[in-house]
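model the structure of this input:
(chains A and B, ligands or ions: 2)
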Amino acid sequence: MRYGDFTPFDIVLLLQGLGVSLALFVSTALIGLVIGTAWAVIRFYRVPVLMQIVTFVAELLKNSPVLVQLFLVFFGLPAFFKINVTPTEAAVITLSGNSAAFIYVIAVSAIESVGRDQIEAARVFGLTRWQTLRWVIAPQAAAFAIGPLTGLLVNQLQVTSLISVIGVMDLTKVGNILNLRTLKPFLVWTAVGALYYLTAKLVAYAGGRFEKRLRAHTAWRGL
Amino acid sequence: MISVSGLRKSFGAATVLDGVDLEIRQGEVVSVLGSSGSGKSTLIRCINGLEKIDAGKITVDGFDVSKPRELSEARKRSGTVFQLFNLYPHMTAVQNIALAPVEVLKVPRKQAETEARELLQSVGLTDRADAYPSQLSGGQRQRVGICRALAMKPSYLLLDEVTSALDPEMTSEVLSILAKLAKGGTTMVFVTHEIEFARSISSRIAFLDKGTLIADLPTEEFFSDKGMALPRVAQFLSKMRKD
Ligand SMILES: Nc1ncnc2c1ncn2[C@@H]1O[C@H](COP(=O)(O)OP(=O)(O)O)[C@@H](O)[C@H]1O
Ligand SMILES: [Mg+2]
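Ligands and ions are numbered 1, 2, ... in the order given. Take a look at the predicted model:
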């Protein structure tokens, strides 16, 4: 192997990078989904104190750059609390929190999109608040949320590329390494970009399919 | 028995119900008439606990709807049918009907769905049981709405202008079901603009005028001199008949 040339092994390297990016994307999206939805439920129940905390944290996360949050977690936490944070841990914590904040916003507006008439129809037959949320609000809110959620996830996939700066071996980091070694930036970044593009398209496609299913009968509202 | 006494309800500065007293005993069909804005819907919404009352007392079989603990018992005893149906759009007709029996009364799902199908059959919707609301006509939706209320085996049906969103043909298909229920002894509080129909099925007529119950009479008395002696009633009836 001569220094500077592409080797067949580079394909494996790229795919490994893609794997790391995907794993981070999927895990942080799922964690974000659980946390963001839980926050929305706290708000639905108007839990005192907790609700204010959630609103405050979500506001902070939404209105500061992800890169700054990442640095705060990776450099700030160890310095302040004297705890060790690996690059992967920092990436998972930051991206999960960030996803949670935006998913929270989507979930809240999705819950609010369900008409009063629906909630009244459930309550009047004696369903509890939880049963109303579970059986009447959630399915309709999900159908409403899936579109914006897909958009968010496509964006979150791109955001994962930021974590390469703290040394996580994701797709962008692999691109960086290949670029430095081969000095063929056009080729390298085209390949990397294409992989992100294809993955994003896949996420969008899956979201679209899911949306169609969820919306099959909810397009009609009220009268 | 549904008992309403001294009921007052305001929205902001506007007093919508101003000291209403009304009793509905088992087996009665009481029609509530009154011009638009007189407080009919609000009265129904106070009875089923969708509005908080400001003063007075409402009990359903003795359960006070203002007390959160008793409200759920009160709600098990009355079934509401809405003007705009309020069906759950993501559920089939059967699922719409079976939801509350399964969740609230803890009826096994299989049994609840069988009963839902029987109810649908009784209103002529056997073949629409697995359709979604979006696939049903207005009249069919309201028939599902009635089944949904009946599925809870309520002692009382509360109906708020259940045909006013329907065209005449659909109206008659829904009214014929209500007539059948009335004949079968179902207790109903029936808010309507269908004067002639109200007359044919009601045992009593209550007339609301600007939040006050100015008449509460047996049906035939209401439509005779006794009702006509009240200027507001006479005015209302002549206007409704002209339309
Ligand atoms: N949620 C509400 N907020 C404010 N005003 C209301 C509300 N609901 C009803 N009202 C007012 O109360 C009055 C009676 O309304 P309603 O009970 O719907 O009358 P009806 O059913 O007899 O037409 C109307 O003037 C209406 O504008
Ligand atoms: Mg009304």
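
ok, how many other residues are close to A:Arg116?
Residues lying near A:Arg116 (other C-beta atoms under 10 Å in any protein chain shown) number 9. To be clear about C-beta, it is placed using only N, CA and C from the backbone, and glycine gets the same treatment.

what's the pLDDT at it?
With respect to pLDDT, A:Arg116 scores 94.

for chain B, what lies in contact range of ligand 1?
Applying C-beta under 6 Å from any ligand atom, we find that chain B lies next to ligand 1 at B:Phe11, B:Val16, B:Gly34, B:Ser36, B:Gly37, B:Ser38, B:Gly39, B:Lys40, B:Ser41, B:Thr42.

and those residues, which two are furthest apart?
Across the residues of chain B next to ligand 1, the longest distance by C-beta to C-beta is 17.1 Å; it joins B:Phe11 and B:Gly34.

if we can go back for a sec, now, the residues of chain B next to ligand 1 that are in strands?
Secondary structure from DSSP state E places B:Phe11, B:Val16 of those in strands.

only the buried subset of the residues of chain B next to ligand 1, as a ChimeraX command please.
Here is the ChimeraX command that selects the buried residues among the residues of chain B next to ligand 1 (16 or more other C-beta atoms under 10 Å in any protein chain shown):
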select /B:16,34,38,39,40,41,42
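
which of the residues of chain B next to ligand 1 fall within helices?
Judged by DSSP state H, the subset of these located in helices is B:Lys40, B:Ser41, B:Thr42.

measure how buried A:Ala194 is and give me the count.
Residues near A:Ala194, counting by other C-beta under 10 Å: 10.

any idea how far A:Lys201 is from it?
Between A:Ala194 and A:Lys201 the computed distance is 10 Å (C-beta to C-beta, to the nearest Å).

rewinding a little: turn the ones in helices among the residues of chain B next to ligand 1 into JSON lines, including distance to A:Leu149 and pLDDT.
Below are those laid out as JSON lines (distance: C-beta to C-beta, whole Å; pLDDT from 0 to 100):
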{"residue": "B:Lys40", "distance to A:Leu149": "42", "pLDDT": "97"}
{"residue": "B:Ser41", "distance to A:Leu149": "37", "pLDDT": "97"}
{"residue": "B:Thr42", "distance to A:Leu149": "39", "pLDDT": "97"}
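
show me what contacts residue 20?
If you meant another chain, say so; for now it's chain A. Neighbour list for A:Val20: A:Val168, A:Met169, A:Asp170, A:Leu171 [criterion: C-beta atoms under 8 Å, 6 or more residues apart in numbering or on different chains].

that's the wrong chain, I wanted chain B
Counting by C-beta under 8 Å, 6+ apart, B:Val20 has contacts B:Val4, B:Gly6, B:Leu7, B:Arg8, B:Gly39, B:Leu43, B:Gly56, B:Leu208, B:Gly211, B:Thr212, B:Leu213.

what lines up beside the helix or strand encompassing the last one in the sheet?
Pointing back at B:Leu213 there. Assigned by DSSP states H and E, B:Leu213 belongs to strand B:212-218. Strand B:212-218 has the following sheet partners, assigned by DSSP bridges: strand B:204-209 (antiparallel).

where does the partner strand sit relative to the chain's centre, distance-wise?
How far strand B:204-209 lies from its chain's middle: 14 Å, per C-alpha atoms, centre = their mean, to the nearest Å.

hang on, the earlier thing: which ones among the contacts of A:Val20 lie within helices?
A:Leu171.

keep only the contacts of A:Val20 that also lie close to chain B.
Contacts with chain B are made by none of the contacts of A:Val20, judged by C-beta under 8 Å from any C-beta of the partner chain.

how about a markdown table for the contacts of A:Val20, with distance to A:Ile31 added?
Converted to a markdown table, the contacts of A:Val20 look like this (distance: C-beta to C-beta, whole Å):
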| residue | distance to A:Ile31 |
| --- | --- |
| A:Val168 | 16 |
| A:Met169 | 20 |
| A:Asp170 | 17 |
| A:Leu171 | 20 |
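
quick check on residue 65: phi, psi?
No chain in the question, so chain A it is. When read as degrees, to the nearest 10, the backbone of A:Pro65 gives phi -60, psi 140.

my question was about chain B
Dihedral angles of B:Val65 (phi, psi; degrees, to the nearest 10) stand at phi -70, psi -10.

my guess is it meets B:Lys76, correct?
No. In this structure B:Val65 lies outside contact range of B:Lys76 using C-beta atoms under 8 Å: 11.9 Å.

so for the two, which sits in the more crowded spot?
B:Val65 (26 against 20).

let me know the pLDDT of that one.
At B:Val65, the model reports a pLDDT of 96.

now do A:Phe80
Taking A:Phe80 on its own, its pLDDT is 89.

quick check: it is in a strand.
No. Checked against DSSP: H, G, I helix; E, B strand; the rest coil, A:Phe80 lies outside a strand; its state is helix.

how near is it to chain B?
To chain B, A:Phe80 is 46 Å away according to C-beta to the nearest C-beta, to the nearest Å.

beyond the longest helix anywhere in chain B, next helix or strand please.
In chain B, with assignment by DSSP H, the single longest helix is helix B:168-183. Per DSSP H and E, the first helix or strand lying C-terminal to helix B:168-183 is strand B:187-191.

tell me the secondary structure for the residue most central in space within chain B?
In chain B, the residue lying closest to the centroid (C-alpha atoms, centre = their mean) is B:Leu159, at 1.5 Å. Three-state call for B:Leu159 (three-state DSSP): strand.

distance between the strand holding B:Leu213 and the chain's centre?
For strand B:212-218, the distance to the chain centre is 18 Å (C-alpha atoms, centre = their mean).

quick one: contacts of the very next helix or strand once past it?
As assigned by DSSP H and E, the chain's next helix or strand after strand B:212-218 is helix B:219-222. Helix B:219-222 has contacts (C-beta under 8 Å, 6+ apart) with B:Ser31, B:Ala198, B:Arg199, B:Ser202, B:Ser203, B:Arg204, B:Ile205, B:Phe207, B:Ala215, B:Gly227, B:Val233.

who are the contact partners of residue 149?
In the absence of a named chain, this looks at chain A. The contact partners of A:Leu149, taken as C-beta under 8 Å, 6+ apart, are A:Ile103, A:Ile106, A:Gly207.

my bad, the chain I had in mind was chain B
A:Phe125, B:Gly79, B:Thr80, B:Val81, B:Leu157.

okay, it: pLDDT?
Looking at B:Ala149, its pLDDT is 97.

same check, this time on A:Leu183
Here the pLDDT value assigned to A:Leu183 is 88.

do the same with A:Ala219
A:Ala219 carries a pLDDT score of 55 in this model.

what ranges do the strands span in chain B?
B:2-11, B:14-24, B:29-33, B:55-60, B:63-64, B:78-81, B:156-160, B:187-191, B:204-209, B:212-218.

list the buried ones in the second one?
By neighbour count, and taking 16+ other C-beta under 10 Å as the criterion, the buried residues in strand B:14-24 are B:Thr15, B:Val16, B:Leu17, B:Asp18, B:Val20, B:Leu22, B:Ile24.

each with direction, which strands does it pair with?
The pairing partners recorded for strand B:14-24 under DSSP bridges are strand B:2-11 (antiparallel).

give me the mean pLDDT for the partner strand.
What strand B:2-11 shows for mean pLDDT is 97.
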